[in-house]
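# here are the coordinates; sequence isn't available:
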């Protein structure tokens, strides 16, 4: 699917299998001129590989909301690269009323012994 992708949006959980998954091999498989968006975890991305792919022209640009080191160090090249947009780890806005209602529904379901979505499974890493 990568060869047909114009935009790669990473939403993966961080596990041993997904660490460094956005690397030179992954980026090389993207359609020339593709964009990369990472809003999941910084450790998914090999920073140097993204910079090389953008500088070579294969990747057109990136928007990054998460970083291997947070906050992103002041001297990091992502800050000044003209084709990289850095956002402050705010990929999603929490809507207070919606969140309260969702939590309340899940608490009621759990009290009834019903299954609820979104249960964390530490054994799977997410």
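Received the coordinates, thanks. The structure presented is a predicted model; accordingly, all values stated were derived computationally and were not measured.

# got a list of what the closest residue to residue 7 other than its chain neighbours touches?
Spatial nearest neighbour of residue 7, excluding adjacent residues (C-beta to C-beta, 6 or more residues apart in numbering): residue 35 at 4.9 Å. Any C-beta I mention is one placed from the backbone N, CA and C, and that applies to glycine too. The neighbourhood of residue 35, defined by C-beta atoms under 8 Å, 6 or more residues apart in numbering, consists of 6-8, 59-63.

# pretty sure residue 35 sits in a strand.
Yes. Applying DSSP: H, G, I helix; E, B strand; the rest coil, one finds residue 35 inside a strand.

# closest to residue 40 among the contacts of residue 35?
Among the contacts of residue 35, residue 8 lies closest to residue 40 (C-beta to C-beta), at 11.4 Å.

# show me the contact partners of stretch 39-48.
Stretch 39-48 has contacts (C-beta under 8 Å, 6+ apart) with 9-14, 18-24, 36, 38, 64-70, 76-78, 91-92.

# please work out the average pLDDT along the longest helix seen in the chain.
Longest helix in the chain by number of residues, with DSSP state H as the criterion: helix 96-111. Averaging pLDDT along helix 96-111 yields 91.

# okay then, goodbye and thanks.
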